[in-house]
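Colleague: Using only what follows, build the 3D model:
(chains A and B)
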Amino acid sequence: MAAPMIELAGVSKRYGGHAALDDVGLSVGEGEFVALVGGSGSGKTTLLKTINGLVRPDAGRIVVAGEDVATASPHLLRRRIGYVFQEVGLFPHLSVAENIGITPRLLGWDKARIAARAAELLALVDLPPGVAARPPAALSGGQRQRVGVARALAAEPRLMLMDEPFGALDPVTRDALGADYRALHERLGLTTIMVTHDMTEAVLLTDRVVVLKTGRILADGAPGALLAQSSDPDVLALLEAPKRQAQRLAERLGA
Amino acid sequence: MSGPLAAAFDLLPEYLGWHVLLSLSALVLGLTISLPLAVAAARSPRLRWPVLALASLIQTIPSLALLALFYPLLLALSALSQAVLSQGFSALGFLPSLLALTLYSVLPILRNGVAGITGVDPAIAEAADGVGMTPRQKLLQVELPLAAPVIMAGVRTAAVWTIGAATLSTPVGQTSLGNYIFAGLQTENWVFVLFGCAASAALAMAADQLLGLVETGARTRRPAFVAAGLAGLVIGAGAALAPLATFGQTAAYTVGAKNFSEQYILAELIAGRLERAGAAVSRKEDLGSAVAYRALAAGEIDVYVDYSGTLWTNVLGRADNPGRKAVLDQLTAELKRRDGVLVLGSLGFENAYAFVMRPDRAQALGIASLADLAQEAPRMKLGSDLEFLSRPEWRAVDGAYGFAFRSERSFQPTFMYRALAGGEADVISAFSSDGRIAADRLVVLSDPKGAIPPYDAVILVSPKAAADPRLVEALRPLVGAVPVEAMRAANYSVDRDAGKVTPAEAARALERVIAGN
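Modeller: As a prediction, this is how the structure comes out:
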């Protein structure tokens, strides 16, 4: 097997007296789609942000595509990693096309190539070409999140980090966008790590679920295998939830 | 157009030009200081509190005091620079005004800058990091553009404050629209006062509107608005500054004046003589009493008129009174020895402190001398000008007669006479050459103990100009040439309510009297 895309060893991070991450080790291979799940304060977002250097760990070592994050130039590292988060954070003073083209521009691509890339990405995330010149404020929430995904993909990263990317969207949009992204992941051969508190989403979209609690990894594996193997009541409760919901839905809808 | 209004318009290009140059320089300097400071304070919460607190503290200092404090500070720095680098600089005029106004403009820009940068949505700041911006790219491409409307609002506030406060630079010797206000207040030329206020307000509003256009452009992301606002500012500033290129630069001599009518008239009298001798002359008016002499000794002004008693007590620190001639002789020798200042000679009249009363009150109370006044003092209200009660002359007189007035109040000289007429003061510390004493038939109380020193009006010449025969020869004929009656008449022609003339006109009339003698 090739060298993993991401390798974390002994990673710890404390905020005040509270441990956000406690001696975490994780290895993610190229092409994997991994969900980080857990309740609030479990450390899943902190873990994600250590990978692109937005959070500096107190201890441990993180290697991304063979490069040590601690010694890498943070902005050069981040230009190679796609990053999508719930609030999207589109730049309000730039047009949709300028938002998508931001990382290529920082990398010094020429204008024609950036414009072509922006058009290509709008099509890829299923947005009409007409939105390119608009300000982000003129878009719906779902459209904005599609632009966020397009922006993250613009500089052709091999690794995507997503922090509850679809959390603020309505269920229909959320479902559509999730499925669309899964297809992109396959097509582009990406490695994706997605933080979510929604176990249904994790089970439906990803290949591997990593469960965190108070900064430690409780369980790690394919959704079905976890349910079969884990004995931890928290993990079981988390995994049972979507199953119970599906049963109740079926009963109430009279299937 | 009426006389005072036409006179005001004649002065507008020079006053407005200096006012714009001063406020614009202060604002630009303020921006270059406060913007980097705002960025640093926005980055570091530890720095933020002390920086904002200091800026707020500076803002609480009354603006006139802030301007005044820079003069002694710069004078000390200039002396230090003279000693270390053999190169001094002018501590009067533009520099102290610029520094004080710059400090004044810092707070609004700083405060809004910090608020604007820290107010950027954290999600957008995180996105800037996430897409791979360096801290510098994040600041220039995301934070500053998003904070621009808030920062521009701060710049507008600073511009309005600076333009308003710049009128206060007149007393430290910087020409500005404040010259209308200070001169108008002294000579009761209300047209001048109103003109100065209106011009300053109009300038502030115009700057505010143009900056508002820039702000709107920044907020709505319309570059055309920004460009139009900036173009308006550049064209307006250029038009206001253009006349300055022809002012003052070729002036061979600078004539100083303190802040009352007689001083304005005598400055014009001296300037007229020098101009007839073929020299270009600039004027620095409304100087504080202590500022004027130090400015002369430092060569920042070449000539002005002061009074022997003032120099005797304030410059030489003497409390005794050896008599009129002895004071003049010792003063001439001592100022020459100490500062190289030439006392050219007395103009021929005295402008002493004189305690005066309304004739009806003086008669009713039977007061004719300061000794009589001391008896009645506990039932009387003293009115004085702004500086008299803190001057050594007052301590000398008070020490000799032992006054215990019921109340003591300070007024602008103009309002002091009004207070006497209206009964708000029973006795005032007037000036013996003031035309209003004769016009209002006021009673001058005698000084049997000789406590008030003599106040011969003397022409003082700076060390540099003392070696200039053209200046000295042009002014020497004025020695002994101005009788006190002529000076009183000239002062009254400027101070009276009806049919008042400008100091320049009064100086020309005085010149005709001198020529007739």
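Colleague: State the distance from the residue in the stretch 201-350 of chain B that chain A sits nearest to to B:Leu146.
Modeller: The nearest approach of the stretch 201-350 of chain B to chain A comes at B:Arg221, 6.1 Å away (Cβ to the nearest Cβ). Bear in mind the C-beta positions are built from the backbone N, C-alpha and C, glycine included. Applying Cβ to Cβ, to the nearest Å, the value for B:Arg221 to B:Leu146 is 11 Å.
Colleague: do the same with B:Ala251
Modeller: 49 Å.
Colleague: what's the answer for B:Ala481, then?
Modeller: 70 Å.
Colleague: And B:Tyr104, by the same measure?
Modeller: Distance from B:Tyr104 to B:Leu146, by Cβ to Cβ: 27 Å.
Colleague: If you count surrounding residues, which of those two has more?
Modeller: B:Tyr104 (26 against 21; other Cβ atoms under 10 Å in any protein chain shown).
Colleague: On the three-state scheme, that one is what?
Modeller: With DSSP: H, G, I helix; E, B strand; the rest coil as the basis, B:Tyr104 sits in helix.
Colleague: That one touches B:Thr60, doesn't it?
Modeller: No. B:Tyr104 lies out of contact with B:Thr60 (Cβ atoms under 8 Å); the separation is 11.1 Å.
Colleague: contacting residues for the closest residue to B:Ser200 other than its chain neighbours?
Modeller: Spatial nearest neighbour of B:Ser200, excluding adjacent residues (Cβ to Cβ, 6 or more residues apart in numbering or on different chains): B:Leu177 at 4.6 Å. Counting by Cβ atoms under 8 Å, 6 or more residues apart in numbering or on different chains, B:Leu177 makes contact with B:Tyr15, B:Leu16, B:His19, B:Ala166, B:Thr167, B:Gly196, B:Ala199, B:Ser200, B:Leu203.
Colleague: need the residues of the stretch 51-200 of chain A near chain B, please.
Modeller: A:52, A:54, A:74-80, A:83, A:85, A:87-93, A:102-103, A:106-107, A:151, A:155 (Cβ under 8 Å from any Cβ of the partner chain).
Colleague: Now with 10 Å, please.
Modeller: Proximity of the stretch 51-200 of chain A to chain B, by Cβ under 10 Å from any Cβ of the partner chain, involves residues A:52-54, A:73-94, A:99, A:102-107, A:135, A:148, A:151-152, A:154-155, A:161, A:163.
Colleague: Which among those count as buried?
Modeller: The neighbour-count test (16 or more other Cβ atoms under 10 Å in any protein chain shown) marks A:52-54, A:74-75, A:77-91, A:93-94, A:99, A:102-106, A:135, A:148, A:151-152, A:154-155, A:161, A:163 as buried among those.
Colleague: buried stuff in stretch B:24-36?
Modeller: Applying 16+ other Cβ under 10 Å to stretch B:24-36 flags B:Leu24, B:Ser25, B:Ala26, B:Leu27, B:Leu29, B:Gly30, B:Leu31, B:Ile33, B:Ser34, B:Leu35 as buried.
Colleague: Residue in the stretch 151-255 of chain A with the shortest distance to chain B?
Modeller: Taking Cβ to the nearest Cβ, the stretch 151-255 of chain A has A:Arg151 as its residue nearest chain B, at 6.8 Å.
Colleague: wouldn't that residue be in contact with A:Leu124 here?
Modeller: No. A:Arg151 is not in contact with A:Leu124 according to Cβ atoms under 10 Å; the separation is 11.8 Å.
Colleague: so what secondary structure elements neighbour the host helix or strand of the residue of the stretch 151-255 of chain A closest to chain B?
Modeller: If you go by DSSP states H and E, A:Arg151 is part of helix A:141-153. Applying 3 or more Cβ pairs under 10 Å, 6 or more residues apart in numbering or on different chains; DSSP states H and E, one finds that helix A:141-153 makes contact with strand A:81-85, helix A:96-100, helix A:102-106, helix A:111-124, strand A:159-163, helix A:171-188, helix B:122-130.
Colleague: list the residues that contact both of B:Arg221 and B:Leu146?
Modeller: Common neighbours of B:Arg221 and B:Leu146, using Cβ atoms under 10 Å, 6 or more residues apart in numbering or on different chains, are A:Pro92, A:His93.
Colleague: What residues does B:Arg324 make contact with?
Modeller: So B:Arg324 contacts B:Ser308, B:Gly309, B:Ser346, B:Glu350, B:Ala352, B:Pro453, B:Pro454, B:Tyr455, B:Asp456 (Cβ under 10 Å, 6+ apart).
Colleague: mind listing what the fourth one touches?
Modeller: Read it as B:Glu350. B:Glu350 neighbours (Cβ under 10 Å, 6+ apart): B:307-309, B:324, B:431-433, B:454-457, B:484, B:487.
Colleague: The second one too?
Modeller: With contact taken as Cβ under 10 Å, 6+ apart, B:Gly309 is in contact with B:318, B:321, B:324, B:327, B:331, B:350-353, B:391-393, B:396, B:452-456.
Colleague: Just the buried ones from these, in ChimeraX syntax?
Modeller: Buried residues within those, by 16+ other Cβ under 10 Å, are selected in ChimeraX with:
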select /B:318,321,324,327,331,350,351,352,353,391,392,393,396,452,453,454,455,456
